[in-house]
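Visitor: sequence first, predicted coordinates after that:
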Amino acid sequence: MLPQPGQGPLPSDVQVLSRPLRGGPVEKLWSAGTSVANVHVSNGTVTWQESSPHGRQRVAYLRAGEREPVFVDGGRYDVVTALPTIHGDKLGYAKVYTDKDGYQQVSTEITDVRSGKQTLVPAKGGRLGTGRKDIVPEDSEDSEDSYFWNVDASDSAVTLTQWRPRQGWSNANLTKLVQTDLDGKGVVRVSCNRGEQTGHAADTGRRVVWIDGTTGHTDLVTRARPAGTC
């Protein structure tokens, strides 16, 4: 793509930027030569997922006041990490690795960003660890013909991106945000807006911030509680 008249050269990298919500200067935290996604912040620590030049996904975090991020894979080329989420000092993410017997495993790992300690939650019997509960069971009516991703949660609700593939271009064929209680009591729509809903982040309670395409433009919007049944 060529720059338009009056524009400078197009950027050759993707930057992670920070700016106080109350206003102030924009600060560049990190510059990646590939793609960056799933940016989150908690207690001044920023985490994101970026691609290596070979397409391998890596999760990184940058603590307040530091200049160089920490990559949770430790620089290993046989490990893939993705889908980070952070709460307090605990950073969780998906991890694909090869175990001591040479088998590839998919699991969840938690890194304490203050101490650097990493705890692997091993997969057992097809499920992650023990004492877990299906919030949205795979065989439930809410999951019928659906794909879910981008899970984010507050202390009282879980918000997900839902896609129900349909033929042709229509509102029903676009991704929508849905929300449920932590005990899985029903899945409801966050917003009844037409247009694509994506890139969400959970706030406190049931409030959600997301990118909405209803107007035909990319708008950053928020809602304090789910709309319910649309």
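Guide: Sure, I can see it. Numbering: from 1, shown residues only.

Visitor: how about the nearest residue to the spatially most central residue of the chain, chain neighbours excluded?
Guide: Residue closest to the average C-alpha location in the chain (C-alpha atoms, centre = their mean): Asn38, at 4.2 Å. If the residues on either side of it in the chain are set aside, Asn38 comes closest to Gln49, at 4.5 Å by C-beta to C-beta, 6 or more residues apart in numbering. Where you see a C-beta, it was placed from the backbone N, CA and C, and this is true even at glycine.

Visitor: what distance do you get for Gly216 to Gln197?
Guide: 14 Å (C-beta to C-beta, to the nearest Å).

Visitor: oh, I was asking about Trp163
Guide: 10 Å.

Visitor: isn't Val106 right up against Val96?
Guide: Yes - using C-beta atoms under 8 Å, Val106 is in contact with Val96, at 5.3 Å.

Visitor: more crowded one of these two?
Guide: Per other C-beta atoms under 10 Å, whichever of Val106 and Val96 has more neighbours is Val96, with 15 against 11.

Visitor: so who does the more buried one touch?
Guide: Counting by C-beta atoms under 8 Å, 6 or more residues apart in numbering, Val96 touches 79-81, 104-106.

Visitor: could you do Ala82 as well?
Guide: Ala82 neighbours (C-beta under 8 Å, 6+ apart): 38, 49, 57, 59, 93-94.

Visitor: name the helices or strands packed onto the helix or strand where the residue nearest to Asn38 lies?
Guide: Under the criterion of DSSP states H and E, Gln49 resides in strand 45-51. Packing partners of strand 45-51 (3 or more C-beta pairs under 8 Å, 6 or more residues apart in numbering; DSSP states H and E): strand 14-18, strand 27-32, strand 36-42, strand 57-62, strand 80-87, strand 90-98.

Visitor: show me what counts as buried in stretch 63-71.
Guide: Buried residues in stretch 63-71, counting neighbours by 16 or more other C-beta atoms under 10 Å, are found at 63, 69-71.

Visitor: nope, stretch 214-228 is what I meant
Guide: 214, 223, 226.

Visitor: the last one in helix, strand or coil?
Guide: Just to be clear, that refers to Pro226. Following DSSP: H, G, I helix; E, B strand; the rest coil, we place Pro226 in the coil state.

Visitor: just name the shakiest helix or strand of the protein by mean pLDDT.
Guide: The helix or strand of the chain with the poorest confidence is strand 127-128; it has a mean of 50 (mean pLDDT, DSSP states H and E).

Visitor: per-residue pLDDT, Thr180?
Guide: Model confidence at Thr180, given as pLDDT, is 94.

Visitor: and it, what helix or strand is that in?
Guide: Assigned by DSSP H and E, Thr180 falls in strand 176-181.

Visitor: contact partners of that strand?
Guide: Taking C-beta under 8 Å, 6+ apart as the rule, strand 176-181 contacts 135-136, 142, 156-163, 186-191, 197-198, 200, 206, 208, 210, 226.

Visitor: for Glu68, what are its contacts?
Guide: Leu62.
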